[in-house]
Structures are given as C-alpha cells and as structure tokens.
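> Structure for this input, please:
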Amino acid sequence: MLFENDYLYALALCKIDGIGNINAKRLIDYFGSAEKVFAVSDSQRLKVENIGEVTTKNIRQYATQALKAAEQELKKLSEIPQSYIWYYRDSHYPKRLREIPDCPILFFSQGKVDWEKKAIAIVGTRSATEYGKQLTERLIQDLKPYNPLIISGLAYGIDITAHKICLKYEISTIGVMATGLNKIYPQIHKKTALQIVEQGGALITENYLDTPPDAMRFPARNRIIAGLADAVVVVEARSTGGALITAEIANSYNREVLAFPGNVGSKASEGCNNLIKQHKAHLITHAQDLIEFLSWDLEKIPKKQEKKNLLNEATLETLTSTERRIIALLQDYHSQNKDLSVDEISIHLELSHSSLNAALLNLEILGIVKALPGRYFRLV
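Sure, this is the predicted structure:
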C-alpha cells in the first residue's frame with residue numbers, strides 16, 4: 001500500500017479526541033492540507049469557523065502522540081494484502097460519497113473497485129425469508145447486464161444474501177463494515193468477505209484496525225452504504241432496524257429509495273410497506289422498475305421521454321392556471337437543480353394543500369412532473 005504524507009496528518013487529526021469529521025474537514029479545507037493544520041499557531045486555528053480554544057489546544061497538546069498512532073496505523077494497514085486508503089481531497093475518492101456532507105475524511109479498503117460504475121445498495125432485515133432471498137437473487141441477476149456495483153453491509157439476512165448472489169453471478173460487490181478491516185463481523189461471514197476481495201470486489205470501512213463491533217458504529221456505516229449508491233433498494237424490512245435507518249439517510253442525501261412490497265401480515269415486510277405508504281420509497285416489483293426509474297435503459301428511455309413530451313405539448317393548453325403556476329415555479333428551480341417539496345410549493349404559490357395536491361396529481365398523471373421521496377417534485 002502506498003500513501004502520501006497528507007494521509008498521515010489527516011489520520012492523526014482524526015485520532016485527536018474532540019475533533020469530529022466536519023470540524024476536521026473545516027480545518028483541512030481552510031489551511032489547504034492536514035499537515036498545515038498542525039503547523040500553524042493556535043491563533044490561526046481559532047480563525048476557523050466553529051473551532052474553539054479546547055479544540056486548538058488539543059491539536060497542539062496531542063499532535064506528537066496522534067502522529068505516532070497514525071504512523072502505527074498506516075504501518076499495520078500496509079501489512080494487509082490489497083489494502084488502500086482513500087482521502088476525501090484526492091481525485092480518485094468516490095464522487096458520490098464526497099457529495100454527502102458527512103463523508104469520511106479517510107476510509108480504508110481491502111480490494112479496489114471502479115467507483116464510477118452504476119451503484120445500487122441492497123439492504124434488508126437480518127431475518128430474511130425465502131421470499132426476500134428470491135427477490136434479491138432475481139433483482140441482481142436481472143441487473144447483471146448493466147455491470148453494476150452492489151453495495152451492502154455483510155450482515156445476516158438480506159445483506160449477506162446479496163453478497164453471495166453477486167459472487168455467484170460474478171458481479172462486483174462492496175461490503176461496508178462497522179469494524180476494522182481485520183475484524184470481520186459477523187465472523188461466520190469471513191469466508192464470503194475474502195471471496196468478495198478475490199473476485200474483484202472490496203471491503204471498506206472508516207474504522208481503524210482492531211475496532212470491534214459496536215452498536216453506535218452501525219448507523220455510521222449505513223450512511224456510507226447510502227452515500228456510495230445511486231439508489232437504495234430495501235428488499236425486506238421489519239418495522240424497525242438498520243435497513244430503515246439506511247433508507248432514512250438515503251432520503252436525507254436526496255438518493256433514490258425503492259422498496260419491494262410484501263404481504264400485509266408479514267413482519268418481514270412491514271417496514272417496506274410503511275416506507276411505500278409514507279412516500280419514503282418508490283414501489284418496485286422487479287429490476288425493470290429500477291432500470292427505468294434510474295434511466296439505465298438508454299435505448300428505450302429517449303423514446304418514452306419523447307412520447308411524454310408530445311403528450312405535454314398536446315395538453316398544455318388544457319391546464320388550469322394553478323397547474324401552469326406550478327410548472328413555472330418548478331421550471332425556475334429546475335435550472336438550479338433543486339426540487340421542491342409540497343410545503344415549499346404551497347408557500348411560494350399561496351395554495352392550500354388540497355388544491356395543490358389535486359393539481360400535482362393531475363400533472364403527475366400527464367407525465368409533466370415527477371414525485372420524489374419525501375413528497376418532493378420536479379419537472380420530467
């Protein structure tokens with residue numbers, strides 16, 4: 001493994017107590033490098049937003065200790081076969097992950113993948129049913145022609161099922177860990193984890209070596225799963241659990257969330273059904289739904305889009321004044337790459353929710369607007 005000098009200082013900065021991910025990035029971005037954060041004076045560090053006296057004192061007081069710990073960490077990491085370090089200021093850091101506000105300053109991997117590939121996260125309950133396992137296999141098998149990255153969390157149930165199916169069909173997969181690279185959890189999945197690396201996938205984590213499983217680290221792990229993906233697919237989920245946390249995080253990152261529906265009486269599908277019911281996930285029944293939703297089917301989508309545009313032109317003159325106002329507002333924000341929620345549209349146009357919902361429904365039926373998770377809307 002090769003690493004540059006700034007990796008050492010960035011890792012040292014992260015090892016100082018009291019400096020979180022966001023403040024560490026503020027310091028690095030302000031001074032231009034992690035090394036300069038250590039080189040400048042306390043008074044200079046105090047000029048950085050949200051950096052107080054306690055933080056800058058800790059940097060000065062624990063710099064030597066932190067640098068030694070970082071050196072040891074990098075030395076141990078170099079002893080792991082096919083190990084890499086990924087720094088958020090490097091050009092090869094995953095672009096999708098860099099987009100999220102709390103992306104890791106550094107993360108570590110065993111194995112290396114093409115981060116530019118189409119990427120789908122597949123998550124679900126640890127108590128997967130045969131129905132959920134069959135859905136997972138059918139989905140992954142049908143996505144193989146698009147050569148995607150499949151991301152999951154190595155956990156029991158849907159996660160490990162997704163990884164194993166990827167190995168079966170020779171599809172690259174990433175296991176995102178809540179432990180150190182040398183602490184596969186659960187241990188029973190170690191063989192599968194090693195196969196992932198052997199077949200061109202990767203294991204990744206933001207945690208230092210020897211970090212054991214801890215309940216607080218799993219939600220943090222889930223944000224990386226969501227951040228790396230174009231979309232998150234929830235196959236099966238109970239009313240509470242990690243899969244729902246991942247879906248919530250994905251929605252907060254403006255990532256697409258899709259969920260398979262299940263039987264009303266099935267505990268394993270209760271979370272999925274609720275996501276769909278609450279408009280926090282799009283309903284999906286097979287891979288083609290996802291392919292069309294993400295516009296992966298490039299040969300078919302332009303034809304469908306052309307048909308929608310012709311329909312819009314033919315119906316524009318029949319729209320109500322309210323519907324025209326909505327379109328004009330969405331056009332203004334479309335140029336800024338921003339979607340609007342129902343509440344925002346209601347405030348801008350001073351419309352009641354009842355009249356607004358009726359107008360939005362009609363525009364959606366006509367193919368003029370598209371509903372997004374969280375009751376946001378954009379022009380098609």
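
> burial count for the nearest residue to Trp296 once chain neighbours are set aside?
Distances taken as CB to CB, 6 or more residues apart in numbering put Tyr146 closest to Trp296, at 5.5 Å, once the chain neighbours are dropped. All C-beta spots, glycine's among them, are computed from the backbone N, C-alpha and C. Tyr146 has 16 neighbouring residues, counting by other CB atoms under 10 Å.

> So which residues of the stretch 51-200 of the chain form strands?
Remark: strands assigned in the stretch 51-200 of the chain by DSSP state E, counting those that start in this stretch are 83-87, 106-110, 119-123, 149-152, 173-176.

> so which of those strands gets nearest Leu361?
strand 119-123 (29.1 Å; CB to CB).

> Confidence-wise, which helix or strand of this protein is lowest on average?
helix 301-315 (a mean of 44; mean pLDDT, DSSP states H and E).

> How is the protein divided into domains?
As assigned by automatic domain parsing, the chain contains the domains 1-79, 119-293, 301-379.

> deepest of those domains, which one?
Greatest average neighbour count among these goes to domain 119-293 (a mean of 20), per mean count of other CB atoms under 10 Å.

> can you give me the end-to-end distance of that domain?
Distance between the two ends of domain 119-293: 14 Å, counting by CA to CA, to the nearest Å.

> Repeat that for stretch 364-379.
End-to-end for stretch 364-379, by CA to CA: 9 Å.

> In JSON lines: the domains of the chain, plus distance to Ser91.
Converted to JSON lines, the domains of the chain look like this (distance: least, CB to CB, whole Å):
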{"stretch": "domain 1-79", "distance to Ser91": "13"}
{"stretch": "domain 119-293", "distance to Ser91": "17"}
{"stretch": "domain 301-379", "distance to Ser91": "22"}
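
> Mind checking the ones you listed for the one nearest to Tyr87?
Going by CB to CB, the one of the domains of the chain nearest Tyr87 is domain 1-79, 5.6 Å.

> In contact with Lys183, which residues?
Met177, Leu209, Asp210, Thr211, Pro212, Pro213 (CB atoms under 8 Å, 6 or more residues apart in numbering).

> Could you measure from Thr129 over to Tyr156?
13 Å (CB to CB, to the nearest Å).

> Ok, which of the domains of the chain comes nearest Pro101?
domain 1-79 (7.4 Å).

> If you average the pLDDT over that closest one, what comes out?
Mean per-residue pLDDT for domain 1-79: 89.

> got it, and stretch 174-189?
For stretch 174-189, mean pLDDT is 96.
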